[in-house]
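1. Model the structure of this input:
(2 chains)
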Amino acid sequence: MASTTRTVASDDDVVAIPLRHPGRWIAAAAIVVVLGLLFTSLWRNPNVDHPSITEFLFDPRILKGVWLTIVITAVSMVVGTILAVTLAIMRMSSNPVLRAVAFGYTWFFRGTPLLVQIVFWGYLGLLYQQISLGVPLTDIQFFSADTNDLIPALVGGVIALSLNEGAYAAEIVRAGLLSIDHGQREAAYSLGMGPGYTMRRIVLPQAMKVIIPPMGNETISMLKSTSLLAVVAVAELYTAATQISSQNLRQVELLIVASIWYLAMTTALSIPQYYLERYYGRGTARELPPTPWQQFRGWTGRMSGRWQNRQIARAAAREAVDE
Amino acid sequence: MSEPYVVEARGVRKWFGSNEVLKSITLSVSRGEVLCLLGPSGSGKTTFLRCINHLESIDGGRILVNGELMGYRQRGDKVYELKPREIAEQRRSIGMVFQRFNLFPHMTALENITEAPIGIAKMPKNTARERGMALLDRVGLADKANQYPAQLSGGQQQRVAIARALALDPTLMLFDEPTSALDPELVGDVLDVMRDLAQSGMTMIVVTHEIGFSREAADRVVFMDGGVVVEEGPPSQLLDDPQHERTRAFLQSVL
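-> So this is what the prediction gives:
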């Protein structure tokens, strides 16, 4: 009959049965199985000599390579970032020459492969045998040195990585600067702040919020790009690993060793990024969420509080029994 | 030297491209005077205000603030543009309050106020903070000193912005539609602060749509339309007995 009415308790508390998604469960199970099989086959592979992984993980040559990788990454990122800020400001300048130079720089260094740039700096000695500083068009020289002495492979590699990084990061910095409302500059100017001061104290700190996440990406990318310096024989992590494996022929094991270190370093990098983002994000969220460390402290605090309460309760119970 | 006028504008012209937005504005503001600029949007009143502290350059005429040519230096019959540093110095004696507040979001309310005194005027930090707190107290927000702008309501933000503009002891305050971006119930607090400021003898130029505020706080009201001053006079006369048809039409549409 048409008039059958089902009594629902109230329109407010309709209890809907959630839609089932059997497909998701099947897909998840299939992926877990495939991944499991893949890992066991890799791990059980008789051609992988597990003891040599642990043996070489803390080999002094590997550790030296790790250290060098960190140093190259840090120096290249710092130099690259300074360059990037300069280029970004040049790109936004009202001077057409500065704009064109900054544009040309980005065009060139983004447009040629990093590997080519690294090798180029390695061969700089072929182009200029001597590097000297003096007054142009005269014989006056303050300083002169052989190019290969002045720019060893390591320095050449760092220069190549920095110059390349500058080109990429310049666009990131520019995007950050463009994201700041023009009213911020006007407010600063109206308070008697000059353009340089406004950039340093008002615009850049706010732009950092936009700049930091992609710059974290760039740092991770840089850390891995240092392995390209193998072509100019800089003894960073990847070079160190391949040098060892060329002697003991344990190529796969040493690649695993290198990968473990690269993963460890990129993981470690996400920690400062998190705190930097937090610092520059101040004032944006109404209340900043606690950091993982604060959460951990809070958790241990609650746990120890609970434990203490339990101790007190137990002591009270014991007293009650004693009486 | 005591200049009779804080602001003296003579024949100020301004183009945006081929559009002439200010067609020879001549206007003087005496010390302690409160001037309200009324007019429909696009009448050039905000542009004129921004020309006074040289946020916009002018294409003709002269603007003098405290007897000093704003943004330019005159030598003989030639006028030279000033360096950004020199313009920045001139702006220190002019406070400005914006429609959209423009507080620095990465600084607390107090830091917003003390940034210019510490960083620009090289005031000792403690002095700047004490004075900043006094200014916050004056706008009724002493308890919000350590809040970030995002944690404040629009009305509170605008009051902080007024305190910030006062931090360098300006001789002139410019207000660019200070209540237009506010919820109606928050307008009152901001207008109260402005009224107090007017009573304390501050020279003020206020671009506003608040007819009520103009009536009670202004010494003189100027009605602008199409880039010209149509009519000016004391509020009682201009608001209650406007002489020009355009003024009458505008007041009717606003009231």
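2. hey, let's count contacts and neighbours off CA atoms from now on
-> Fine.
3. and the residue of the stretch 201-323 of chain A found nearest chain B, what pLDDT?
-> Each residue of the stretch 201-323 of chain A has a distance to chain B, by CA to the nearest CA, and the smallest belongs to residue A:283, at 5.1 Å. At residue A:283, the pLDDT value in this model is 78.
4. cool, residue A:8 as well?
-> Residue A:8 is assigned 52 on the pLDDT scale.
5. in what helix or strand does residue A:23 lie?
-> Assigned by DSSP states H and E, residue A:23 falls within helix A:22-44.
6. Against which helices or strands is the next helix or strand after that helix packed?
-> Going down the chain from helix A:22-44, the next helix or strand is helix A:50-57, by DSSP H and E. Judged by 3 or more CA pairs under 8 Å, 6 or more residues apart in numbering or on different chains; DSSP states H and E, the packing partners of helix A:50-57 are helix A:251-280.
7. and the helix it packs on, average pLDDT?
-> If you average the pLDDT values across helix A:251-280, you get 91.
8. now the strands for chain A?
-> Taking DSSP state E as the criterion, chain A carries its strands at A:130-134, A:141-146.
9. okay if I get those as a markdown table plus mean neighbour count, mean pLDDT and distance to residue B:89?
-> Listed next are those as a markdown table, based on neighbours: other CA atoms under 10 Å in any protein chain shown; pLDDT from 0 to 100; distance: least, CA to CA, whole Å:
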| stretch | mean neighbour count | mean pLDDT | distance to residue B:89 |
| --- | --- | --- | --- |
| strand A:130-134 | 13 | 78 | 41 |
| strand A:141-146 | 11 | 77 | 42 |
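10. And the ones you listed: which comes nearest residue A:202?
-> Distances from residue A:202 to each of these were compared using CA to CA; the shortest belongs to strand A:130-134, at 38.7 Å.
11. which one of the strands of chain A lies closest to chain B?
-> Taking CA to the nearest CA as the measure, those were each checked against chain B, and strand A:130-134 came out nearest at 34.1 Å.
12. report the angle between the axes of the closest one and strand A:141-146?
-> Counting by axes from the mean of the first three to the mean of the last three CA atoms, to 10 degrees, strand A:130-134 points 170 degrees away from the direction of strand A:141-146.
13. that older thread, with distance to chain B added, can I get the strands of chain A in CSV?
-> Compiled in CSV, the strands of chain A are given as follows (distance: least, CA to the nearest CA, whole Å):
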stretch, distance to chain B
strand A:130-134, 34
strand A:141-146, 36
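14. In TSV: those strands, plus distance to residue B:175.
-> Supplementary listing: these in TSV, determined by distance: least, CA to CA, whole Å:
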stretch	distance to residue B:175
strand A:130-134	56
strand A:141-146	59
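15. Residue B:189 is nearest to which of those?
-> The closest of the strands of chain A to residue B:189 is strand A:130-134. By CA to CA, the value is 66.0 Å.
16. could you dump the closest one to PDB, C-alpha only?
-> These are the backbone C-alpha positions of strand A:130-134, laid out as PDB (Å, rounded to 0.1, in the frame of the first residue of the first chain):
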ATOM      1  CA  GLN A 130      95.500  31.700 -15.500                       C
ATOM      2  CA  ILE A 131      93.100  33.700 -13.400                       C
ATOM      3  CA  SER A 132      94.400  37.100 -12.400                       C
ATOM      4  CA  LEU A 133      93.100  40.300 -10.900                       C
ATOM      5  CA  GLY A 134      94.300  43.600 -12.200                       C
END
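17. Neighbouring strands of it in the sheet, and parallel or not?
-> Strands flanking strand A:130-134 in the sheet, each with its direction: strand A:141-146 (antiparallel) (DSSP bridges).
18. Lovely, talk soon.
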